[in-house]
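*Asks:* quick one: sequence plus predicted model below, questions after.
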Protein chains: 2
Amino acid sequence: MKRVADRLLIAGVGLIGGSLALALRQRGLVGEIVGLGRSRRNMRVALERGIIDRVERDPARAAEGVDLVVVAVPVGAIAAVVAGLAPHLPERAVITDAGSVKGPVVGAVERTLGASASRFCGAHPIAGTENSGAAAATATLLEAERCVLTPTPRTSRTTVRRTRALWAGAGMRVETLPAAEHDPIFALVSHLPHIAAFALVQTVADAGSASRALTYAAGGFRDGTRVAGSSPEMWADIFLANRRAVTKAIDQFVGSCTRLRNAIAAEDREALEAALADAQRVRRRLSSPGHASARRRRP
Amino acid sequence: MKRVADRLLIAGVGLIGGSLALALRQRGLVGEIVGLGRSRRNMRVALERGIIDRVERDPARAAEGVDLVVVAVPVGAIAAVVAGLAPHLPERAVITDAGSVKGPVVGAVERTLGASASRFCGAHPIAGTENSGAAAATATLLEAERCVLTPTPRTSRTTVRRTRALWAGAGMRVETLPAAEHDPIFALVSHLPHIAAFALVQTVADAGSASRALTYAAGGFRDGTRVAGSSPEMWADIFLANRRAVTKAIDQFVGSCTRLRNAIAAEDREALEAALADAQRVRRRLSSPGHASARRRRP
C-alpha cells in the first residue's frame, strides 16, 4: 500500500487516535507522526509507547508541513480544534475526525472552514473499549471494524479518497453514509445502550443496599453495564451533541420498558412472552455467524 | 468428599440441572442420577451426554428410592413438580430447587408439602448463559459461582446441611439469605438487566430501519443485549413470579433514564456529567480484581 501521509498530525492521542497511529506505523503507511494534546501525562505515554514521534502543544507549530490531520478529541471540542489548526495548515492538508456524532460536528467544522470546507471529511471509526487514553491504544483495535465516512456535497473527491485511504490503511472496512442517517442509527445502537448501562448502575447504587446487591451481580449485569465504565466527559459530549436523536431513542426505550412493566403488573403472560420472543428473535440474528457484527469478538 | 446422594433425581435436566449432574459425577459424589423431564429430545441428549443414567416420565417411578431431589424447572412450575413427586418420595429424601425467584416459590412449595415442609430448602445457584437445555450443560458452569440458600424456620437442619453439601459438591460457594432479601436484590442485579436488554432490542427492532441499524451494532450493544437471547418462557416466569420487586426496579430504572434524558434535553452538562461519573465509579468497583463477581469471567 501507498503511504497515507508523509507527516500525519493526530490531535488527541487517546484510544482511537493512538490505535490509528500504531496500526499505520505497523504497516509502514506513514512518515512522521506528530501529536497535539493537552494532557502532559498522556502525551508522555504516547511518546514512550512510540505512538507519536514528537509532541506539540502549539497549533501553529503542530500544523507545520502536515499533509493529513486526524482530530480525535471529544465530539464537543472537534470544531474548536479545527479552528485553531486551519489557518496554519499547508494547502494540500486534508482533515478528518473520529467523532461518534456526525451531523452537528460536520456542520460546525464546515462553518469553521468556510471556503476551504472541501478539505474536511467526517469519519466515525466504530470501535472502542471502556478504557481511554494513549495507554489503552493497540495496533489491532480498529482492524476489520467498520468506519463510516460522512462526506457532504462540499467535500472534495480528493478529500474523500485520502480519508478513505487513511482509515482503510488501519485495516478498517470503510463505507459512506449521510450524517443525517448516521446519527439516529447510532443513537439507537450505541448511545442508547450507554444510557441504559449508566442508568442500570445508578438504579442499583440508589437502592440503599447497593454494595450488598452489587456483590451478587452476575454475568448479565456485568455485561449489560460494562460500558458504564466509560469516560463521563466523552459520553456527556456525545449525548449532548446528538441530543435530538438520543432523547427520542430514550423515549422509545422507556416506552418499551413500560410496556414490559405493565404486562408484568397485569400478569399478562401472553403479551409478555410474545414481546420477549420477538426480542429474542432479533437478538439471535445478531449472534448468527453470518452477521457482520458477530464476525469478530472484542479483545 | 462424601457422596451427596446414592440416587439423585433431577427434575428438569436443562442448563442448570444438567451442569449440576455433570459436576457431581465428575467428582464421584453421586451414585445413580435419574432424570425426569417432558421433552423427549432434551432427555435423549441428556442420556447421550451421560448426564443422567436413566429417564423417567412418571413421577411415581422417578421418585422410587431417591434420597435427594433437585427441581430445576422454570420458576412457575416448581411447586407443581414438587406436588407430583412428594407422595412417592422415601421419607429420607430432601428436596431443593434452582429457581432464581425465592419468596413465592418457597411459599408455594411449603404449602404443597404441608407437614413435611421441613424436607425442602430453596436454592438459587447464580450461574447461567443465554443458552438452555441439556446440550448447553457443562461440568464447570457452577464452579466457584455463588449459590444462595433460603431456608425458613420450617426447614430442618438436616435438610439445610444436605442441600449445602449438594451445591458445594458442584464447586459452588454456598451462603444463606432470607427469601425476602433475596428477591429485591435479584430484581435489581439480574431481572432488571434482562428487562433492559429485551427493551433495547425491541427499541431498535421497532425503529423502522431496524435491520440496517442492527448491522452497526458494536460491542456496547452486543454486550448490553446478550441476555436478550435467553428463553422467553423462562424469563416471563421469573418476571411474573417476582413481579412486585421487578416492577419496582423497572420504575426506578425508568426514573434514572428519564433524569438522564431531561439533563440531555436541557443541555445541563454539569448534572449529566455528575450522574455519569457516579455510575462510572460504582461500575469500576465491580471490575476491580478484589471484587467477588470479577474473580472469574464467564466462558
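*Replies:* Okay, I see it.
*Asks:* rest of the way, CA atoms for contacts and neighbours
*Replies:* Noted.
*Asks:* count the residues that sit near the residue of the stretch 151-299 of chain A found nearest chain B.
*Replies:* Closest residue of the stretch 151-299 of chain A to chain B, C-alpha to the nearest C-alpha: residue A:224 (3.8 Å). When neighbours are counted by other C-alpha atoms under 10 Å in any protein chain shown, residue A:224 registers 29.
*Asks:* quick one: contacts for it?
*Replies:* Going by C-alpha atoms under 8 Å, 6 or more residues apart in numbering or on different chains, residue A:224 touches A:197, B:193, B:197, B:223, B:224, B:225, B:226.
*Asks:* of all pairs in the residues you listed, which one is the farthest apart?
*Replies:* Across the contacts of residue A:224, no pair lies farther apart than A:197 and B:226, at 13.1 Å, counting by C-alpha to C-alpha.
*Asks:* could the contacts of residue A:224 be laid out in a markdown table, adding secondary structure and distance to residue B:36?
*Replies:* As requested, those are exported to a markdown table (DSSP: H, G, I helix; E, B strand; the rest coil; distance: C-alpha to C-alpha, whole Å):
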| residue | secondary structure | distance to residue B:36 |
| --- | --- | --- |
| A:197 | helix | 39 |
| B:193 | helix | 31 |
| B:197 | helix | 32 |
| B:223 | helix | 34 |
| B:224 | helix | 35 |
| B:225 | helix | 32 |
| B:226 | helix | 30 |
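*Asks:* any chance of the residues you listed in CSV, plus distance to residue A:2 and pLDDT?
*Replies:* Listed next are the contacts of residue A:224 as CSV, based on distance: C-alpha to C-alpha, whole Å; pLDDT from 0 to 100:
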residue, distance to residue A:2, pLDDT
A:197, 42, 92
B:193, 47, 92
B:197, 44, 92
B:223, 37, 75
B:224, 39, 75
B:225, 40, 82
B:226, 40, 79
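*Asks:* closest one of those residues to residue A:125?
*Replies:* For the contacts of residue A:224, the nearest to residue A:125 is residue B:223 (18.6 Å; C-alpha to C-alpha).
*Asks:* pull up the gap between that closest one and chain A, please.
*Replies:* Shown here: residue B:223 relative to chain A, a distance of 5 Å by C-alpha to the nearest C-alpha, to the nearest Å.
*Asks:* isn't that residue right up against residue A:223?
*Replies:* Yes - using C-alpha atoms under 8 Å, residue B:223 makes contact with residue A:223 at a distance of 5.3 Å.
*Asks:* quick check: mean pLDDT of stretch A:94-106?
*Replies:* The average pLDDT within stretch A:94-106 is 97.
*Asks:* repeat that for stretch A:136-155.
*Replies:* pLDDT averaged over stretch A:136-155 gives 96.
*Asks:* okay, that stretch in CSV with CA atoms only?
*Replies:* Extracted as CSV, the C-alpha positions of stretch A:136-155 are listed here (Å, rounded to 0.1, in the frame of the first residue of the first chain):
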residue,chain,number,x,y,z
ALA,A,136,-5.2,1.8,26.1
ALA,A,137,-4.3,2.1,22.4
THR,A,138,-3.5,-1.0,20.4
ALA,A,139,-2.4,-1.6,16.8
THR,A,140,-5.4,-4.0,16.3
LEU,A,141,-8.3,-2.1,17.9
LEU,A,142,-9.5,-0.8,14.5
GLU,A,143,-8.7,-3.9,12.5
ALA,A,144,-11.7,-5.3,10.5
GLU,A,145,-14.1,-2.9,12.2
ARG,A,146,-16.3,-0.6,10.2
CYS,A,147,-15.6,3.1,9.6
VAL,A,148,-18.4,5.4,8.4
LEU,A,149,-17.4,8.4,6.3
THR,A,150,-20.0,11.2,6.1
PRO,A,151,-18.9,13.4,3.2
THR,A,152,-21.2,16.3,2.1
PRO,A,153,-21.7,18.0,-1.3
ARG,A,154,-18.9,20.4,-0.2
THR,A,155,-16.3,17.6,0.4
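*Asks:* hmm, back to that, residue A:197 and residue B:226: who's more crowded?
*Replies:* Remark: of residue A:197 and residue B:226, residue A:197 carries more neighbours, 31 against 24, as counted by other C-alpha under 10 Å.
*Asks:* any idea how far residue B:278 is from the residue lying closest to the more buried one once chain neighbours are set aside?
*Replies:* Excluding its sequence neighbours, the residue lying closest to residue A:197 (C-alpha to C-alpha, 6 or more residues apart in numbering or on different chains) is residue A:225, at 4.4 Å. Going from residue A:225 to residue B:278 by C-alpha to C-alpha, to the nearest Å gives 13 Å.
*Asks:* neighbour count: those two, which is higher?
*Replies:* Counted by other C-alpha under 10 Å, residue A:225 and residue B:278 do not tie: residue A:225 has more neighbours, with 28 against 16.
*Asks:* so that one makes contact with residue A:202?
*Replies:* No - between residue A:225 and residue A:202 there is no contact under C-alpha under 8 Å: 10.3 Å.
*Asks:* where in chain A is pLDDT low?
*Replies:* Along chain A, the parts satisfying pLDDT under 70 run over A:208-211, A:218-220, A:287-299.
*Asks:* now do the same for the residue sitting nearest the centre point of chain A: helix, strand or coil?
*Replies:* Residue closest to the average C-alpha location in chain A (C-alpha atoms, centre = their mean): residue A:100, at 4.1 Å. Look at residue A:100: counting by DSSP: H, G, I helix; E, B strand; the rest coil, its state is coil.
*Asks:* that one touches residue A:240, doesn't it?
*Replies:* No - at 11.8 Å, residue A:100 does not count as touching residue A:240 under the criterion of C-alpha under 8 Å.
*Asks:* returning to what we had before: can you get me a residue count around the closest residue to the residue nearest to the centre of chain A other than its chain neighbours?
*Replies:* Nearest residue to residue A:100, sequence neighbours excluded (C-alpha to C-alpha, 6+ apart): residue A:124, at 5.4 Å. If you count neighbours by other C-alpha under 10 Å, residue A:124 ends up with 22.
*Asks:* show me what the strand or helix carrying residue A:124 is packed up against.
*Replies:* If you go by DSSP states H and E, residue A:124 is part of strand A:123-125. Using 3 or more C-alpha pairs under 8 Å, 6 or more residues apart in numbering or on different chains; DSSP states H and E, the elements in contact with strand A:123-125 are strand A:94-97, strand A:146-149.
*Asks:* now it, how far from the chain's geometric center?
*Replies:* Distance, stretch centre to chain centre, for strand A:123-125: 7 Å (C-alpha atoms, centre = their mean, to the nearest Å).
*Asks:* hmm, who's touching that strand?
*Replies:* Contacts for strand A:123-125 (C-alpha under 8 Å, 6+ apart): A:96-102, A:142, A:145-150, A:167, A:172.
*Asks:* pretty sure residue A:79 contacts residue A:99?
*Replies:* No - the pair residue A:79 / residue A:99 is not scored as a contact, 10.7 Å apart, by C-alpha under 8 Å.
*Asks:* shared neighbours of these two, anything?
*Replies:* Common neighbours of residue A:79 and residue A:99 (C-alpha under 8 Å, 6+ apart) are residue A:105.
*Asks:* how far away is the residue of the stretch 151-299 of chain A closest to chain B from residue B:283?
*Replies:* 11 Å.
*Asks:* pull out the buried positions in stretch A:192-207.
*Replies:* A:192-205 (16 or more other C-alpha atoms under 10 Å in any protein chain shown).
*Asks:* hey, where'd the strands end up in the stretch 51-200 of chain A?
*Replies:* In the stretch 51-200 of chain A, the segments counted as strands under DSSP state E, counting those that start in this stretch are A:54-56, A:68-71, A:94-97, A:120-121, A:123-125, A:146-149, A:173-176.
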